[in-house]
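K.L.:
Would you be able to build a 3D model of this:
(one chain, ligands or ions: 1)
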Amino acid sequence: MRSEIGVGIIGTGFMGKAHAFAYRSVASYFPESAMPVLQVVADVNEAAAEAAKAQFGFRRATTDWRDLVADPAVAIVSITAPNVLHREIALAAAAAGKHIHCEKPLAPDATAARAMADAAAAAGVVTQAGFNYLQNPLIRLARDMIAAGELGEITSFRGIHAEDYMADPQAPWTWRLDPAGGGGVIADLGSHIIAMARFLLGGITHVNADLETAIASRPIAPGAAERRNVEVDDIARLTLRFARGCGGHVEANWVATGRKMHLAFEVAGSKGSLVFTQERLNELQFYRVGDDPRHAGFVRIEAGPQHAPYGRFCVAPGHQLGFNDLKVIEVAAFLQAIAGQAQGSGEAIGPDFREAWEIQKVIDTAIRSSASRSWQAVS
Ligand code: NAD
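P.N.:
Below you'll find the model as predicted:
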């Protein structure tokens with residue numbers, strides 16, 4: 001008899017829906033996993049909670065996340081509410097003995113992230129942070145190629161996460177601009193590309209950052225004449241030193257006109273290079289030093305069933321995975337970890353709250369570095 005596991009999702013926006021899709025479908029792609037049952041959905045907006053209940057088949061809806069956390073039918077608490085709420089909800093969930101799936105950035109700052117990781121560890125619950133882009137099988141291939149020395153000695157990492165959803169000066173003030181929720185783009189998009197840098201190349205030891213606010217004020221609400229000053233960054237430019245010895249650059253930018261999902265990197269090494277952009281997430285470009293000069297150049301590696309777990313979604317190469325599939329793989333990794341398989345083994349690749357805390361430390365260091373106009377050690 002297949003085991004069931006009760007799920008409660010807090011928030012019904014972009015990520016709340018992505019989590020609901022993933023928990024609903026994961027058992028079809030990963031039949032060895034427990035069967036998630038959508039028990040409770042919580043949103044302060046009652047109509048949104050009721051709509052999500054009807055859309056996804058949750059057993060009930062509530063406007064109070066504490067009611068969801070306390071429900072004995074909920075074994076997994078999935079946090080997709082604004083960043084400022086992550087810590088309080090996660091601490092309550094850990095105290096109630098619930099496994100916790102939390103969206104990125106894990107917390108407004110590293111102190112809060114550490115408190116969340118410590119509370120989960122003390123409670124013995126499993127954690128997962130929502131760095132879905134790391135779940136792409138081609139990103140795992142890139143990491144494996146780097147670890148196996150196929151690129152030789154790594155000389156540099158150049159990463160960017162650029163989108164344009166805040167490029168319009170009339171785009172209104174939202175929770176993403178709330179300084180109590182952490183930095184601006186450095187937390188929102190920077191967390192993803194920093195996670196990628198650490199996933200591929202390991203620890204970051206030093207940061208020199210320049211954070212900039214490009215649009216000084218925003219309408220307080222859609223169409224409002226009254227404007228509110230922006231206290232967080234729109235563009236973050238970081239120079240990095242990695243523990244392995246190489247350096248790198250990272251940019252996070254949410255006013256990059258025309259860019260929709262440009263989470264991209266180039267890793268260069270003495271034997272070759274890898275180039276990737278999430279806008280073409282089923283492709284990895286590989287350049288190898290020493291190939292016959294007549295046909296030397298970047299080769300396009302195309303995702304297919306040979307790149308697990310692609311084959312669980314589609315038997316044919318080139319048919320392509322999508323954004324929501326990455327969320328399904330993330331949930332599968334979480335369920336595997338709950339079932340006792342170590343994160344990092346098999347198809348379960350985390351990242352858990354400890355790793356999300358490490359990512360948060362780099363974000364905090366960047367904010368500190370920019371304020372002091374100096375190199376700072378990650379601490
Ligand atoms: P959103 O604004 O679309 O949705 C947030 C939801 O939370 C809304 O439905 C809102 O009503 C609800 N909410 C607010 N306060 C609440 C409360 N007290 N209790 C319950 N619900 C409450 O935001 P989003 O884009 O879904 O982002 C949510 C989280 O997901 C953030 O942490 C964000 O950084 C993260 N995120 C991750 C990715 C990714 O690729 N992993 C993408 C987008 C957002």
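K.L.:
Tell me the spacing between whatever residue of the stretch 1-150 of the chain ends up closest to the ligand and A49.
P.N.:
Nearest residue of the stretch 1-150 of the chain to the ligand: G13, at 2.0 Å (C-beta to the nearest ligand atom). Any C-beta I mention is one placed from the backbone N, CA and C, and that applies to glycine too. Distance of G13 to A49, given as C-beta to C-beta, to the nearest Å: 11 Å.
K.L.:
Counting neighbours, go ahead and name the busier of those two.
P.N.:
Of the pair G13 and A49, A49 is the one with more neighbours under other C-beta atoms under 10 Å, namely 25 against 15.
K.L.:
what residues does the helix or strand that contains that one touch?
P.N.:
Taking DSSP states H and E as the definition, A49 sits inside helix 46-56. With C-beta atoms under 8 Å, 6 or more residues apart in numbering as the test, helix 46-56 has contacts from 9, 12-13, 16-17, 20-21, 24, 38, 41-43, 58, 60-63.
K.L.:
In PyMOL, how would I select the buried members of those?
P.N.:
Only the buried entries of the contacts of helix 46-56 go into this PyMOL selection, using 16 or more other C-beta atoms under 10 Å:
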select buried, resi 9+12+16+17+20+21+24+38+41+42+43+58+60+61+62
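K.L.:
for the chain, which helix is longest?
P.N.:
helix 353-372 (DSSP state H).
K.L.:
in that helix, what counts as buried?
P.N.:
Neighbour-count burial for helix 353-372, with 16+ other C-beta under 10 Å as criterion, is recorded at 353-370.
K.L.:
cool, and stretch 295-311?
P.N.:
Within stretch 295-311, the residues that count as buried by 16+ other C-beta under 10 Å are I301, A303, G304, P305, H307, P309, Y310.
K.L.:
Helices - which of these land there?
P.N.:
Y310.
K.L.:
from the buried residues of stretch 295-311, which single one is nearest T257?
P.N.:
Set against T257, the nearest of those by C-beta to C-beta is A303 (28.9 Å).
K.L.:
Tell me how far that closest one lies from P351.
P.N.:
Taking C-beta to C-beta, one finds A303 at 21 Å from P351.
K.L.:
give me every residue that touches the residue of the stretch 151-300 of the chain found nearest the ligand.
P.N.:
At 5.7 Å from the ligand, D188 is the closest residue in the stretch 151-300 of the chain, using C-beta to the nearest ligand atom. By C-beta under 8 Å, 6+ apart, D188 lies in contact with P105, R176, A252, W254.
K.L.:
same deal with E4?
P.N.:
A34, M35, P36, V37.
K.L.:
pretty sure the first one contacts M1?
P.N.:
Read that as A34. No: using C-beta atoms under 8 Å, A34 makes no contact with M1, being 11.3 Å away.
K.L.:
which of the two has more neighbours?
P.N.:
Neighbours per residue (other C-beta under 10 Å) separate A34 from M1, with A34 holding more: 18 against 3.
K.L.:
who's in contact with that one?
P.N.:
A34 makes contact with R2, S3, E4, I5, A27, L335, I338, A339 under the criterion C-beta under 8 Å, 6+ apart.
K.L.:
any idea which element the nearest residue to V275 once chain neighbours are set aside lies in?
P.N.:
Among residues not flanking V275 along the chain, Q285 sits closest, at 3.9 Å (C-beta to C-beta, 6 or more residues apart in numbering). Assessed by DSSP H and E, Q285 sits inside strand 283-288.
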